[in-house]
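Enquirer: I would like the atomic coordinates for the input below:
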Amino acid sequence: MTTGSSPWPREAGPLLLRAPRVGDAEQVLRFRNDAGVNRFMVHTHVDPDDLRRDLVEAVTSPTDHSCVAELAERDGEVVAIGFLELRRGSGQPRPAALEEALIGYVVDPVHAGQGVGSALARGLLDAAFDLGARRVVAACFADNPASVRILEGLGMRRERHGVQALWHAELGWVDEYEYAMLASERSVPRSRPLS
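Expert: Here you go, the predicted structure:
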């Protein structure tokens, strides 16, 4: 798996996916710490300094390929953030140590229901496979119908229903769905890297 090269920038439907910049933190915090967004997040608050640090580190990390998503026609407005982490697959040690990718996303609620989440998730999935992932996984709260639709719309297989798997400060114990797709199951990519 390729760990050193960046899959960004990339076009994904109406979105431009690009590497994060420190200046993106304020736009991301505006929606990341939103109460409606946090209803579906395990970490219900992100510290601004931690986010700034994470954005800077993602640019040079060999395993963290997080990105921000802009609407192509909106000139720099960040409407979502995507997470793509390369990691060691399960099982016994083997030469291809980093062969699995975990993807996730957070969409500004102002842009919910407009295809932003689907386009971003497709771009993350395509980028993970382009980096050489053998398997891509994602998870969401079972009662998050938007994410369920997005992940199933990508053709990802639901592999696990964790009953009362996660603790949420406001909701108590919540169920979690885990999804996966193998590179051999990948359909035609719908996003493309920009040169």
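Enquirer: same for the helix-or-strand element of the chain with minimal mean pLDDT, what does it pack against?
Expert: Across the helices and strands of the chain, mean pLDDT, DSSP states H and E gives its lowest value to strand 191-193, namely a mean of 72. The contact analysis (3 or more C-beta pairs under 8 Å, 6 or more residues apart in numbering; DSSP states H and E) places strand 191-193 against strand 10-12, helix 116-130. The C-beta positions use only the backbone N, C-alpha and C, and glycine is treated the same way.
Enquirer: any idea how far it is from the chain center?
Expert: Using C-alpha atoms, centre = their mean, to the nearest Å, the distance from the centre of strand 191-193 to the centre of the chain it belongs to is 16 Å.
Enquirer: before we move on, back to that, ranking the helices and strands packed on strand 191-193 by burial, who's on top?
Expert: Neighbour counts (mean count of other C-beta atoms under 10 Å) averaged over each of the helices and strands packed on strand 191-193 peak at helix 116-130, with a mean of 24.
Enquirer: which helix or strand lies directly C-terminal to that helix?
Expert: Counting by DSSP states H and E, the next helix or strand C-terminal to helix 116-130 is strand 135-141.
Enquirer: tell me the average confidence for that following strand?
Expert: Strand 135-141 shows a mean pLDDT of 96.
Enquirer: now do stretch 5-17
Expert: Stretch 5-17 comes out at a mean pLDDT of 92.
Enquirer: now render the helices and strands packed on strand 191-193 as CSV, adding distance to residue 101.
Expert: CSV is the format used below for these (distance: least, C-beta to C-beta, whole Å):
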stretch, distance to residue 101
strand 10-12, 15
helix 116-130, 4
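Enquirer: so which of those gets nearest residue 64?
Expert: Closest approach to residue 64 among the helices and strands packed on strand 191-193 (C-beta to C-beta): helix 116-130, 12.3 Å.
Enquirer: which strands or helices does that closest one pack on?
Expert: By 3+ C-beta pairs under 8 Å, 6+ apart, helix 116-130 packs against strand 10-12, strand 15-18, strand 67-71, strand 78-88, strand 98-107, strand 135-141, helix 145-153, strand 191-193.
Enquirer: most tightly packed of the ones you listed?
Expert: Highest mean neighbour count among the helices and strands packed on helix 116-130 (mean count of other C-beta under 10 Å): strand 67-71, a mean of 25.
Enquirer: what separates that one from the chain centre, distance-wise?
Expert: Relative to the centre of its chain, strand 67-71 is centred 11 Å away, using C-alpha atoms, centre = their mean.
Enquirer: could you do stretch 146-166 as well?
Expert: 14 Å.
Enquirer: how about stretch 24-32?
Expert: Taking mean C-alpha positions (C-alpha atoms, centre = their mean), stretch 24-32 and its chain are 15 Å apart.
Enquirer: could you export it as PDB, CA atoms only?
Expert: C-alpha atoms of stretch 24-32 as PDB (Å, rounded to 0.1, in the frame of the first residue of the first chain):
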ATOM      1  CA  ASP A  24      -9.700  25.400   7.500                       C
ATOM      2  CA  ALA A  25     -10.000  24.800  11.200                       C
ATOM      3  CA  GLU A  26     -12.500  27.600  11.900                       C
ATOM      4  CA  GLN A  27     -14.800  26.500   9.100                       C
ATOM      5  CA  VAL A  28     -14.700  22.800  10.200                       C
ATOM      6  CA  LEU A  29     -15.300  23.700  13.900                       C
ATOM      7  CA  ARG A  30     -18.400  25.600  12.900                       C
ATOM      8  CA  PHE A  31     -20.100  22.400  11.900                       C
ATOM      9  CA  ARG A  32     -18.000  19.800  13.700                       C
END
